[in-house]
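Asks: coordinates only, no sequence provided:
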């Protein structure tokens with residue numbers, strides 16, 4: 001299958017490396033012209049390190065021409081941070097073609113940003129959009145063209161826009177992630193599976209002191225203590241309450257299962273947290289006010305959760321508290337500058353109208 005991957009971060013390199021290992025025709029798009037030139041000069045190779053050793057793979061194409069990257073691709077994967085979605089969606093919008101699937105892992109309802117961008121430029125191609133609850137890989141780059149994959153996802157709950165196109169869309173995504181994809185309804189359901197805004201805000205806020213004190217700090221190891229875990233579970237209960245109030249059924253993939261040794265298997269499977277901390281790759285320098293856990297998961301993820309909770313009629317005191325504390329840490333009003341249904345263009349939608357849009361798509 002022809003797959004285009006957009007971005008140059010940890011997730012994008014894990015994606016191109018893993019897809020190439022599977023034998024797919026893989027194209028990588030990056031905005032950085034110098035990085036693209038250097039990658040091409042090196043033969044467009046990527047080195048993947050995993051539990052089975054080192055693997056050198058060659059990509060079909062490395063380019064900063066997004067039309068060239070996605071031309072003929074069945075699947076377009078964009079694992080970029082949520083704060084980059086508007087720019088990437090604008091670049092992609094004129095070039096989408098009938099039948100293409102844009103997949104955001106995860107998305108924070110970024111699917112609607114991509115769909116709306118195509119509509120805004122008059123592109124009426126019958127493309128579909130999807131998102132899931134986490135990045136399919138726990139991965140870190142070890143060099144400009146080398147990536148270490150610690151864990152591959154075992155279960156990926158995926159929502160689709162428009163949801164009436166779910167069967168066809170999921171069949172395309174399944175080719176890239178065989179045996180892993182689980183339908184969870186529309187893209188709002190998929191967005192409400194996003195684990196980042198649940199696990200990361202307590203870690204980044206409640207570890208603020210050590211993060212600013214130590215040169216390197218693994219918030220997933222020393223920073224994941226019993227008290228913080230209790231707060232995480234309580235925040236996750238707010239997310240699940242929103243899902244239930246909107247009529248989305250189980251499984252809700254509670255984050256507690258990520259840490260558990262028994263019970264329901266979470267997205268990354270058993271023992272993934274221990275493998276993450278044992279790898280040492282997450283013991284890294286963290287700039288508290290700039291890290292994506294703050295800028296993406298707290299600022300965008302929690303503001304989005306709160307706005308959806310308002311439509312669902314669910315109280316979210318912890319989400320609001322973390323949003324306020326993050327605002328104070330960064331001296332910025334995250335509630336005003338975050339991601340909400342209103343900022344996405346759906347502020348006047350009641351629950352019924354929103355659900356109809358998610359099912360049927362935009363009116364022509």
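Replies: It's in. Note that the coordinates shown come from a computational prediction; the quantities given were computed from them, not determined experimentally.
Asks: end to end, how far does stretch 38-50 reach?
Replies: From the first residue to the last, stretch 38-50 extends over 24 Å; the measure is CA to CA, to the nearest Å.
Asks: go on, stretch 273-287?
Replies: Between the start and the finish of stretch 273-287 there is a gap of 23 Å, counting by CA to CA.
Asks: quick check: buried residues in that stretch?
Replies: By neighbour count, and taking 16 or more other CB atoms under 10 Å as the criterion, the buried residues in stretch 273-287 are 273, 276-277, 279, 281-283, 286. C-beta: built from backbone N, CA, C; applies to glycine.
Asks: do you know how far residue 357 is from residue 27?
Replies: The spacing between residue 357 and residue 27, counted by CB to CB, to the nearest Å, is 31 Å.
Asks: kindly report the same for residue 259.
Replies: Going from residue 259 to residue 27 by CB to CB gives 37 Å.
Asks: ok, the two, which is more surrounded?
Replies: Per other CB atoms under 10 Å, whichever of residue 259 and residue 27 has more neighbours is residue 27, with 26 against 15.
Asks: could you find the closest non-adjacent residue to the more buried one?
Replies: Closest residue in space to residue 27, ignoring its immediate chain neighbours: residue 61 at 4.1 Å, by CB to CB, 6 or more residues apart in numbering.
Asks: residues in contact with that neighbour?
Replies: Shown in contact with residue 61 (CB atoms under 8 Å, 6 or more residues apart in numbering): 26-28, 44, 68-69.
Asks: what's the ChimeraX syntax to select whichever of those are buried?
Replies: Command for ChimeraX, covering only those of the contacts of residue 61 found buried under the criterion 16+ other CB under 10 Å:
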select :26,27,28,44,69
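Asks: show me the contacts of residue 61 that map onto strands.
Replies: With strands taken from DSSP state E, the overlap with the contacts of residue 61 comprises 26-28.
Asks: nearest to residue 252 among the residues you listed?
Replies: residue 26 (32.8 Å; CB to CB).
Asks: for residue 9, see how far away the closest one is.
Replies: Residue 26 sits 16 Å away from residue 9, taking CB to CB as the criterion.
Asks: now the closest residue to residue 25 other than its chain neighbours: how far from residue 86?
Replies: What sits nearest to residue 25 in space, not counting adjacent residues and going by CB to CB, 6+ apart, is residue 2, at 4.5 Å. Applying CB to CB, the value for residue 2 to residue 86 is 26 Å.
Asks: how far away is residue 289 from residue 67?
Replies: 36 Å.
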